[in-house]
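>>> Sequence and computational prediction follow.
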Amino acid sequence: MAEHEHEREHEHVRVAVVGSGFGGLGAAVRLRREGITDFVVLERAGSVGGTWRDNSYPGCACDVPSHLYSFSFAPNPDWPRSFSGQEHIRAYLEHVTDVFGLRPHIRFDSEVKRMVWDAERLRWDIETSSGNLSADVVVSATGPLSEPKTPDIPGLDTFPGKVFHSARWDHDYDLRGKRVAVVGTGASAIQIVPSIQPLVSRLTLLQRTPAWVLPRADRAISAAERAVHRALPLTTKLRRGLLWGVRELQVQAFTKHPGELGFVEQLAKRNMARVVKDPALRAKLTPDYRIGCKRILLSSTYYPALVQPNVDVVASGLSEVRGSTVVAADGTEAEVDAIVFGTGFHVTDMPIAERVVGAEGRTLAETWTGGMQALRGAAAAGFPNFMTVIGPNTGLGNSSMILMIESQLNYLADYLRQLDVLGGRVALDARPSAVRAWNHRVQQRMKRTVWNTGGCTSWYLDASGRNTTVWPGTTTEFRRATRHVDLSEYAVLRAPAKRAAVTRDGAEVTA
């Protein structure tokens, strides 16, 4: 009797979504559109937004045009700029949450601590910071840009000043008049540097590897344009379609003909030369790898900031901290009051993988010891009814991740339909052979891409040098590949049949 009462008290849902960024909210909208309302969204923070909630550093903005960096099913005619800032993107996600009625499904302050597959009940048992529950299907939408990565620097723990990562910006700390070291020259750093340079007394930029930078053609979208988009929704679709089409045409250069990117390199060099007149500084800022090997950065303010008299560019990474002194690998020293790390995220070693325990009792992180891989970027072998949004090899080097997310949501929707068709207590587990075959095709295509041949070390590559992050094709190809679930790529699991047992008094019970 007590066991049955326990079962009644245990909360169970059909689908549990982890994360409320673009991936998690998109999944929630798709579930509702599929007629599924028995789901929850587990969010560790107190509000939605994911990356666009956590990254609130000065100058934070998207490097993909606004009308392409939004859901196709939730067009926004009122984007204020062609490249929107963090506050506008976050407001858009709040708007999507309200318009599609998602708030009743969201559990805030509910960080997932552990998820364990129950092979007998064919469900995931989920432990969160706000309580436990179970789900038939789990959709992991924590995203690759969710856990900041700070390098282990000798002496950093004894630094007397302020230290924080770009994704955990301390808005209570006033940088005005301070001596600040910025570590890194990636997408965050090139937005932070121009924003804080006018405020600080001295800015020391510790650059391990220079980036290729092109002008950012950002502008305010006029009231007239916005009015047209509101009155004629088709114009918003046309604008989005044009932005998408241009980027689809560019993919060949990244994936098949990296040599064609030489012309773009010349544009980037001319962009630098227009601003940076000092040959020594230009030499420091000029990469020695093919453009596109690392993400091409867009900024019209980065180089102008670097030539200001209160900025020092150190062409060497941070190697040590001695008291208030930061020491670069080349021996350069600088006294600073604050250190800002723009050093990226745990992308190829996502922390959520350490919390997911599959059918064989191994964590997803253990399964991925040799590198992340998942069938069609979504399903890992040995983890039934567990799907990842923005999984292995679904990243992009030149277009909008929202396109890839929507393709994976198509796959999720068909996955759930297949479970309904199969009927009863059922789960799908990606076959190891199917995962290997998919991954082999992806890695074979990857060999000729600029990300693998461009001569750089990027966050696209894992510890063994394999590119487990980027999709080596067009978004159209990925959409075709994820349109439907192929059941031959999965093992169909059913709950073990209950067996009859006879008690001493002859009564029959199920066990």
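Right, received. Where do you want to start?
>>> what's the average pLDDT for stretch 122-142?
The average pLDDT within stretch 122-142 is 97.
>>> Going by neighbour count, list what's buried in it.
Applying a neighbour-count criterion of 16 or more other C-beta atoms under 10 Å, one finds 122-126, 128, 133-142 buried in stretch 122-142. Just so you know, the C-beta spots here come from the backbone N, C-alpha and C atoms, and that holds for glycine as well.
>>> same question, stretch 468-477
Quick answer for stretch 468-477 (16+ other C-beta under 10 Å): 468-475, 477.
>>> Quick one: the residues you listed as CSV, columns for pLDDT and distance to Arg494 too.
CSV is the format used below for those (pLDDT from 0 to 100; distance: C-beta to C-beta, whole Å):
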residue, pLDDT, distance to Arg494
Thr468, 94, 32
Thr469, 94, 35
Val470, 96, 37
Trp471, 97, 33
Pro472, 96, 36
Gly473, 96, 35
Thr474, 96, 38
Thr475, 97, 36
Glu477, 97, 34
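>>> Which of the three states applies to Val321?
With DSSP: H, G, I helix; E, B strand; the rest coil as the basis, Val321 sits in strand.
>>> Please read off the pLDDT at it from the model.
pLDDT, Val321: 97.
>>> Could you give the number of residues near it?
22 (other C-beta atoms under 10 Å).
>>> right, and it touches Phe159 too?
Yes. Contact criterion C-beta atoms under 8 Å: Val321 and Phe159 qualify, at 5.0 Å.
>>> ok, now which ones touch Trp79?
66-67, 70, 88, 221, 226 (C-beta atoms under 8 Å, 6 or more residues apart in numbering).
>>> Mind picking the two most distant members of the residues you listed?
Farthest-apart pair in those is Ser70 and Arg226; separation 14.0 Å (C-beta to C-beta).
>>> Check the spacing between Ser458 and Leu214 real quick.
Ser458 sits 17 Å away from Leu214, going by C-beta to C-beta, to the nearest Å.
>>> More neighbours: the two, which one.
Ser458 (20 against 17).
>>> What residues does that one make contact with?
By C-beta under 8 Å, 6+ apart, the neighbours of Ser458 are 293-295, 451.
>>> Just confirm it is within a strand.
No. In this structure, Ser458 is coil, not part of a strand, as judged by three-state DSSP.
>>> Give me the pLDDT for it.
The model's pLDDT for Ser458 equals 88.
>>> and the gap between Arg274 and Ser300?
For Arg274, the distance to Ser300 - C-beta to C-beta - is 11 Å.
>>> The two: which has the busier surroundings?
Shown here are Arg274 and Ser300; by other C-beta under 10 Å, Ser300 has more neighbours (15 against 11).
>>> Go ahead and confirm that one touches Leu214.
No. Counting by C-beta under 8 Å, Ser300 stays clear of Leu214, with 9.1 Å between them.
>>> those helices in the stretch 251-400 of the chain, which residues are they?
262-275, 279-285, 302-306, 364-367 (DSSP state H, counting those that start in this stretch).
>>> Of these, which is nearest Phe108?
Closest among the helices of the stretch 251-400 of the chain, using C-beta to C-beta: helix 364-367, at 24.6 Å.
>>> which residues are in contact with the closest one?
349, 352-354, 356, 358, 380-383.
>>> okay, these in CSV with pLDDT, distance to Leu206 and neighbour count next?
Supplementary listing: the contacts of helix 364-367 in CSV, determined by pLDDT from 0 to 100; distance: C-beta to C-beta, whole Å; neighbours: other C-beta atoms under 10 Å:
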residue, pLDDT, distance to Leu206, neighbour count
Asp349, 79, 23, 17
Ile352, 92, 30, 20
Ala353, 94, 30, 20
Glu354, 95, 30, 13
Val356, 98, 35, 26
Gly358, 97, 40, 22
Ala380, 98, 37, 25
Ala381, 98, 41, 22
Gly382, 98, 42, 18
Phe383, 98, 40, 28
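>>> Any chance of JSON lines for those, columns distance to Trp117?
JSON lines is the format used below for the contacts of helix 364-367 (distance: C-beta to C-beta, whole Å):
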{"residue": "Asp349", "distance to Trp117": "21"}
{"residue": "Ile352", "distance to Trp117": "15"}
{"residue": "Ala353", "distance to Trp117": "14"}
{"residue": "Glu354", "distance to Trp117": "15"}
{"residue": "Val356", "distance to Trp117": "8"}
{"residue": "Gly358", "distance to Trp117": "5"}
{"residue": "Ala380", "distance to Trp117": "11"}
{"residue": "Ala381", "distance to Trp117": "12"}
{"residue": "Gly382", "distance to Trp117": "9"}
{"residue": "Phe383", "distance to Trp117": "7"}
